[in-house]
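# Sequence first, then the predicted structure, then my questions.
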Amino acid sequence: MQGGTVTTRLIDGIARITLESSPGNALDSATRHALAAALSGIEAALQGDNGPRGVVLTGANGVFSVGVDLRELDRPGKGAELAAICRRLERLPVPVVAALPGSAIGGGAELALAAHYRLAVSEARFGLPDIVLGLPPGAGGGQRLAALCGARAALDLLLRGRPITAQVAREMGVLDGIVTDDLLGAAHALAAQLAAAGIRPRPVAGRRERMADGAEWLDTVRGKQSAIAQAALRSAARIVDCIEAALLLPAGAALRFERTAHADALADPQFLALRHVYFAERRISTALLERRPGRAGPTALGRGLLAVLTRGSEGLSGQRRLAASVAQGARLLAAGRVARASDIDALAVHGLGWSRLTGGPFFEARQQGLGPLVERMQFWAEEDPVFNTPSLLRAATETDDDIDAALRRGRSEVVRTG
């Protein structure tokens, strides 16, 4: 069967579901819809006498899945929810084996965790980096991870947000095996073997082996709560609360608790700021910002722009500094020195120590209200010319546009008038 971004084939009684969306088999709304349709087909087939004996879930092009489309995260109702898909997958009455030919990240990792068993190639990477965006996992990934590897290992992975190798994942208990040759053949054989043995699948979310010592689990949670008590990032506390819930609540209730925590975080301004910086870092020209992992920073050209951005703002208060940065940034935009306002935000985060949680000066100004800020700037300009309001900022406030829209409109007007 073909589902656009998902293909389902029946091979010797085993249903093989393959994610085939480019790039990275991302779990966007179209892919989630196709995956839900594939599960509906399998569920219907299982009602008959010739239904599949097992399921293998994999990804094409050397990757399992890089997760959900970040642009859709705060748009409820767009396609089937990944959390519901994961729950349906783990409730299938036949063994489900996830075969990871490469990275399983974010929502991709959560999907793999919903399978009953997981095999991977040695080059695969596994990670739940949701904390980078100020979120706990959204599809039960924290609950299932803790059930497989315990509270301490789960919290280490969730709070750091960095992917781990297949070998580390195997040692933690996330993977059931590493395959050096013919991953799909091994996954097919495992599903068939389990089906032939009559072993009834156990949903990962219902497993309690790692929770036998409840006191140790709670000690681990309390230790983490103490360690992050002063952390500015609110999602860290949400993640720890979810791992506590894994022990204290029945599986279904714990999954709902985590889903609610995720929804609450989506409404948190920290998520909006962190997602803004995430995209800003990927849009900015490499002539301004180096983007190598762990070494992001302004280039020589970027440092020159930062010098302009900070001119006249030294020693100003958290509001006057913001106003001065926005004014100088608007001048750089109008002069064509940067392509978009988010370039200024990325440079400020990486070169001026601007907190990622603010989103950078332009994002922060937009959240606070650009109009009121411009009004204060006009008052402060009597004392310091750095606050003289650039025409671009005035245009943005007069039309209630964002700064980029005002810039585009101004450039198009120049072209029309010639």
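Arrived safely, thanks for sending. Numbers count the residues shown, from 1 in each chain.
# Can you get me a residue count around the residue nearest to residue 360 when sequence neighbours are not counted?
Of all residues not flanking residue 360 in the chain, residue 345 sits nearest, at 2.5 Å (Cβ to Cβ, 6 or more residues apart in numbering). For the C-beta atoms, the positions are set from N, CA and C on the backbone; glycine is no exception. As a burial measure, residue 345 scores 30 neighbours (other Cβ atoms under 10 Å).
# cool, residue 141 as well?
A count of nearby residues for residue 141, using other Cβ under 10 Å, gives 31.
# Numbering from 16 from now on, please.
From this message on, residue numbering opens at 16, which makes the last subject residue 156.
# pLDDT score assigned to it?
At residue 156, the model reports a pLDDT of 97.
# if I pick it, what's in contact with it?
When contacts are counted by Cβ atoms under 8 Å, 6 or more residues apart in numbering, residue 156 touches 122, 124-125, 128, 143, 145.
# ok, those vs residue 365, which is closest?
Residue 365 has its nearest neighbour among those in residue 145, at 21.8 Å by Cβ to Cβ.
# Let's verify the nearest residue to the closest one once chain neighbours are set aside: helix, strand, or coil?
If you skip the residues right next to it in sequence, residue 145 has residue 152 as its closest partner in space, 5.3 Å away by Cβ to Cβ, 6+ apart. Three-state assignment for residue 152 (DSSP: H, G, I helix; E, B strand; the rest coil): coil.
# same check, this time on residue 160
Per three-state DSSP, the secondary structure class of residue 160 is helix.
# again with the one 5 residues further on
Taken by three-state DSSP, the conformation at residue 165 corresponds to helix.
# Could you pull up the residues touching it?
Residues counted as contacts of residue 165 (Cβ under 8 Å, 6+ apart) are 188, 225, 232.
# can those residues go into TSV with extra columns for distance to residue 108 and pLDDT?
Formatted as TSV, the contacts of residue 165 follow (distance: Cβ to Cβ, whole Å; pLDDT from 0 to 100):
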residue	distance to residue 108	pLDDT
188	24	96
225	24	95
232	30	97
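# what residue is smack in the middle of the protein?
residue 145 (4.5 Å; Cα atoms, centre = their mean).
# Now do the contacts for that one.
121, 151-153, 156, 173, 176, 250 are the contacts of residue 145 under Cβ under 8 Å, 6+ apart.
# where's it relative to residue 233, distance?
Using Cβ to Cβ, to the nearest Å, residue 145 is found at 23 Å from residue 233.
# before we move on, which element is residue 324 in?
Assigned by DSSP states H and E, residue 324 belongs to helix 315-325.
# for that helix, packing partners?
Other helices and strands packing on helix 315-325, by 3 or more Cβ pairs under 8 Å, 6 or more residues apart in numbering; DSSP states H and E, are helix 335-349, helix 356-366.
# for those helices, which one sits closest to residue 260?
Nearest of the helices and strands packed on helix 315-325 (Cβ to Cβ): helix 356-366, 32.8 Å.
# just checking, next helix/strand downstream of that closest one?
Past helix 356-366, the next helix or strand by DSSP H and E is helix 376-383.
# Quick one: residues in contact with that next one.
By Cβ under 8 Å, 6+ apart, helix 376-383 touches 284, 287-288, 291-292, 337-338, 340-341, 344, 356-357, 359-360, 363, 369, 373-374, 388, 417-418.
# what packs against the helix or strand just after it?
Sequence-wise, the next helix or strand downstream of helix 376-383 (DSSP H and E) is helix 385-395. Identification of packing neighbours for helix 385-395 by 3+ Cβ pairs under 8 Å, 6+ apart yields helix 335-349, helix 406-413.
# rerun that using 6 Å as the cut-off
Under the contact definition 3 or more Cβ pairs under 6 Å, 6 or more residues apart in numbering; DSSP states H and E, helix 385-395 sits against helix 406-413.
# and the helix it packs on, what other elements does it pack with?
Using 3+ Cβ pairs under 6 Å, 6+ apart, helix 406-413 sits against helix 335-349, helix 385-395, helix 418-432.
# Now it: average pLDDT?
Computed over helix 406-413, the average pLDDT equals 86.
# okay, the angle between it and helix 376-383?
Helix 406-413 runs at 20 degrees relative to helix 376-383, counting by axes from the mean of the first three to the mean of the last three Cα atoms, to 10 degrees.
# Quick one: work out the angle between helix 406-413 and helix 356-366.
Angle, helix 406-413 to helix 356-366, by the same axes, to 10 degrees: 110 degrees.
# Helix 406-413: how far from the chain's middle?
Remark: helix 406-413 is offset 34 Å from the chain centroid, using Cα atoms, centre = their mean, to the nearest Å.
# contacting residues for the nearest residue to residue 247 once chain neighbours are set aside?
Leaving aside its sequence neighbours, residue 247 sits nearest to residue 372 (Cβ to Cβ, 6+ apart; 6.0 Å). Contacts for residue 372 (Cβ atoms under 6 Å, 6 or more residues apart in numbering) come out as 247, 285, 288.
# Neighbour-wise, which one of the residues you listed leads?
Highest neighbour count within the contacts of residue 372, by other Cβ under 10 Å: residue 288, with 23 neighbours.
# out of the helices and strands packed on helix 315-325, deepest packed?
Comparing the helices and strands packed on helix 315-325 by mean neighbour count (mean count of other Cβ atoms under 10 Å), helix 356-366 ranks first with a mean of 26.
# counting contacts, what elements does that one pack onto?
helix 284-298, strand 312-313, helix 315-325, helix 376-383.
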